[in-house]
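[1] Give me a 3D structure for the following:
(one chain, ligands or ions: 1)
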Amino acid sequence: MSGLTVQLTAPNGHTWSQPTGLFINNQWVKSSNGEKIASINPSTAKEITSVYAASEQDVDTAVKAARAALNNPDWRELPASERGRLMTRLSQLIDENKKTLATIETIDNGKPYLVSLNDDLTEASETIRYYAGFADKVFGQVIETTPDKFGYTLREPVGVCGQIIPWNFPLAMAAWKLGPALACGNTVVLKPAEQTPLSILFLANLIVEAGFPPGVVNIVNGHGSIAGAALASHMDVDKIAFTGSTATAKHIMKMASSNLKNITLETGGKSPLIVFNDADLEQAVEWAHIGIMYNQGQICTATSRILVQDEIYDKFIAAFKAQVKNVSKVGDPFEESTFQGPQVTQAQYDRIMSYVNVGQSEKATLAYGGKPFKVADGKGFFVEPTVFTDVTSKMRIYQEEVFGPFVVIARFKNEEDAITMANDSTYGLGSALFTTNLTRAHRVAKRIEAGMVWVNSSNDSDWRIPFGGVKQSGIGRELGEAGLAAYSNVKAVHVNMKSKL
Ligand code: ADP
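    Numbers count the residues shown, from 1 in each chain. Below you'll find the predicted structure:
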């Protein structure tokens with residue numbers, strides 16, 4: 001439809017047609033009230049373009065489309081292997097368009113282009129491809145009971161799934177949610193984060209090209225408090241899957257109770273990274289750096305609390321600071337040498353700066369960074385990578401999620417102390433430990449309160465392995481075979497073979 005696409009050119013010279021509408025029933029439409037949201041380039045603080053923002057009424061239209069698609073034989077009765085083929089085709093189209101998608105991700109989110117291209121795009125297409133393979137492998141069981149009964153189970157789609165996406169890995173997070181939902185035969189209304197809608201809107205056209213029937217995937221950009229809330233509280237949505245902050249997850253859980261929706265929540269974290277005396281120090285330093293500084297520190301699993309054993313504490317800090325200095329090159333995300341681009345929004349930039357003040361007022365030592373970083377005209381949301389040392393577990397900077405290139409380093413005496421300090425958190429998402437002692441590695445991995453433990457690495461997510469948190473880091477699992485459980489219901493069928501009343 002005219003007026004719902006704009007031609008854009010990124011600083012790397014790449015040009016593309018950017019959809020700006022709401023994607024409902026495989027068509028582009030304007031929002032019912034004409035409202036739009038500007039998408040801002042965080043490198044320059046300038047508007048890239050503006051896209052339509054869904055009202056409550058638009059969300060309702062999208063839910064109706066998803067409900068109709070769920071009952072449409074073109075989808076409901078599509079053989080599972082065919083469903084898998086559509087998904088494989090989608091993953092191929094993502095690969096074919098990866099330079100465009102990576103460019104969009106970088107201009108809209110600020111992450112370095114090579115990270116978008118090599119990491120986010122690989123993650124997105126591989127996740128869809130992985131779940132494509134599951135489409136015809138989600139089946140029930142025959143259950144032995146007595147000769148009087150034939151009992152079996154069916155695995156059925158949950159129904160209409162609302163999916164609320166964060167801004168830190170827009171495409172990859174959309175793929176994490178679309179993959180298992182489509183493999184299990186659900187239909188979807190997906191809401192991108194209002195800060196970063198552009199790549200997911202581009203993906204919508206690939207969904208049509210792949211051949212998905214109308215209404216199977218609907219994408220409604222919009223404000224969280226309007227479109228997100230409308231989705232979470234809608235009485236005809238069967239499931240809500242959310243990735244974002246713990247505070248928003250609590251609202252969503254309440255809204256989802258309106259009709260007892262199935263929920264999956266992937267929320268915040270303050271993941272510990274423990275370095276024992278016997279660790280390979282050089283490796284620990286490199287992984288610890290990536291664990292917090294990758295993606296501008298905007299990762300729910302960022303290992304933002306580094307715990308170092310007494311004897312190696314000073315040595316670790318010296319090496320860590322040197323690593324930050326050598327590797328964390330802040331700058332234009334389209335420059336190949338850039339490690340750290342801008343933070344995604346002014347709000348995130350302000351949040352990080354406010355935590356620098358908190359750390360200083362708590363009398364932790366500001367060992368590195370802590371200031372805005374000027375790139376070009378200085379309007380972008382760039383900050384210096386920031387390291388606080390001499391941090392204790394009572395401090396707010398030890399307990400609260402900052403979501404930026406901001407790390408706290410604390411010391412511990414022995415293994416028991418390390419476990420206590422690691423678990424001293426309301427969160428329980430990721431955790432990492434560095435040791436060359438095999439039995440210690442397994443012993444500590446078992447006792448850490450977290451959904452994931454990385455031994456001698458950090459932030460190692462993998463679409464084949466379950467991902468999720470405990471405590472206030474979430475409910476349910478995404479990725480791996482476990483991710484299918486969140487998108488299928490088990491129906492039990494009891495067939496009476498003999499009993500007569
Ligand atoms: P952040 O605070 O870092 O922006 P959020 O958790 O608020 O992270 O946002 C993650 C996603 O949740 C976004 O898509 C956002 O629009 C959505 N969201 C925010 N507030 C609400 C809400 N009240 N109801 C539903 N979705 C929301």
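[2] what residues are up against Asp343?
    Just to correct that, residue 343 is Gln rather than Asp. Pro42, Gly110, Gln296, Gln298, Tyr349, Ile352, Phe381, Phe382, Val383, Gly404 (Cβ atoms under 8 Å, 6 or more residues apart in numbering). For glycine as for every other residue, the C-beta is placed from the backbone atoms N, C-alpha and C.
[3] helix, strand or coil for the fifth one?
    The three-state label given to Tyr349 by DSSP: H, G, I helix; E, B strand; the rest coil is helix.
[4] mind listing what the closest residue to it other than its chain neighbours touches?
    Excluding the flanking residues, the one nearest Tyr349 by Cβ to Cβ, 6 or more residues apart in numbering is Phe381, at 3.9 Å. Contact analysis of Phe381 by Cβ under 8 Å, 6+ apart lists Pro42, Ala45, Gly110, Pro342, Gln343, Val344, Thr345, Gln346, Gln348, Tyr349.
[5] ok, now Asn489?
    Arg155, Glu156, Pro157, Val158.
[6] For the stretch 151-300 of the chain, which segments count as strands?
    Along the stretch 151-300 of the chain, counting by DSSP state E, counting those that start in this stretch, strands occupy 160-164, 187-191, 217-219, 239-243, 262-266, 272-275.
[7] what comes up buried for the last one?
    Read it as strand 272-275. Across strand 272-275, burial judged by 16 or more other Cβ atoms under 10 Å covers Pro272, Leu273, Ile274, Val275.
[8] What mean pLDDT does it get?
    Mean pLDDT, computed over strand 272-275, is 98.
[9] Find the helix or strand that Ile128 is a member of.
    In this assignment (DSSP states H and E), Ile128 forms part of helix 121-134.
[10] What of Glu47?
    For Glu47, the enclosing helix or strand under DSSP H and E is strand 46-52.
[11] Mind pulling the model confidence for the residue nearest to Pro170 when sequence neighbours are not counted?
    Distance criterion Cβ to Cβ, 6+ apart; nearest residue to Pro170, sequence neighbours excluded, is Thr196 at 4.5 Å. Listed pLDDT for Thr196 reads 98.
[12] Repeat that for Glu478.
    For Glu478, the model assigns a pLDDT of 98.
[13] cool, and Ser2?
    Reported pLDDT for Ser2: 58.
[14] how long is stretch 470-484 from one end to the other?
    For stretch 470-484, the first-to-last residue distance is 18 Å (Cα to Cα, to the nearest Å).
[15] if you look at that stretch, does any of it touch the ligand?
    No. Against the ligand, stretch 470-484 shows no contacts by Cβ under 6 Å from any ligand atom, the least distance being 11.9 Å.
[16] Show me which positions of that stretch end up buried.
    Going by neighbour count (16+ other Cβ under 10 Å), the buried part of stretch 470-484 is Lys471, Gln472, Ser473, Gly474, Ile475, Gly476, Arg477, Glu478, Leu479, Gly480, Gly483, Leu484.
[17] Also stretch 394-402?
    Across stretch 394-402, burial judged by 16+ other Cβ under 10 Å covers Met395, Ile397, Tyr398, Glu400, Glu401, Val402.
[18] again with stretch 485-492
    Using 16+ other Cβ under 10 Å as the burial criterion, the residues of stretch 485-492 that qualify are Ala485, Ala486, Tyr487, Ser488, Asn489.
[19] Can you report phi and psi for Ser32?
    phi -60, psi -30 (degrees, to the nearest 10).
[20] Spit out the contact partners of it.
    Applying Cβ under 8 Å, 6+ apart to Ser32 gives the contacts Ser55, Gln57, Asp58, Thr61.
[21] try it again with 6 Å
    Applying Cβ atoms under 6 Å, 6 or more residues apart in numbering, we find Ser32 in contact with Ser55, Gln57, Asp58.
[22] and what of Pro170?
    Counting by Cβ under 6 Å, 6+ apart, Pro170 touches Thr196, Ser199, Ile200.
[23] Show me which of the residues you listed is closest to the ligand.
    Using Cβ to the nearest ligand atom, Thr196 is the member of those that lies nearest the ligand, at 9.0 Å.
[24] Model confidence score at the residue of the stretch 351-500 of the chain found nearest the ligand, please.
    Nearest residue of the stretch 351-500 of the chain to the ligand (Cβ to the nearest ligand atom) works out as Phe403 at 6.7 Å. With respect to pLDDT, Phe403 scores 98.
[25] What's the local residue count around it?
    For Phe403, the count of nearby residues is 23 (other Cβ atoms under 10 Å).
[26] So it: helix, strand or coil?
    Assignment for Phe403 (three-state DSSP): coil.
[27] OK, contacts around it?
    Gln298.
[28] OK, contacts around the residue lying closest to Asn414 once chain neighbours are set aside?
    Of all residues not flanking Asn414 in the chain, Gln309 sits nearest, at 7.8 Å (Cβ to Cβ, 6+ apart). Neighbour list for Gln309: Phe276, Asn277, Phe412 [criterion: Cβ under 6 Å, 6+ apart].
[29] Quick check: phi and psi at the closest residue to the second one other than its chain neighbours.
    On the basis of Cβ to Cβ, 6+ apart, the spatially nearest residue to Asn277 that is not a chain neighbour turns out to be Gln309, at 4.7 Å. The phi/psi pair for Gln309 (degrees, to the nearest 10) reads phi -70, psi 140.
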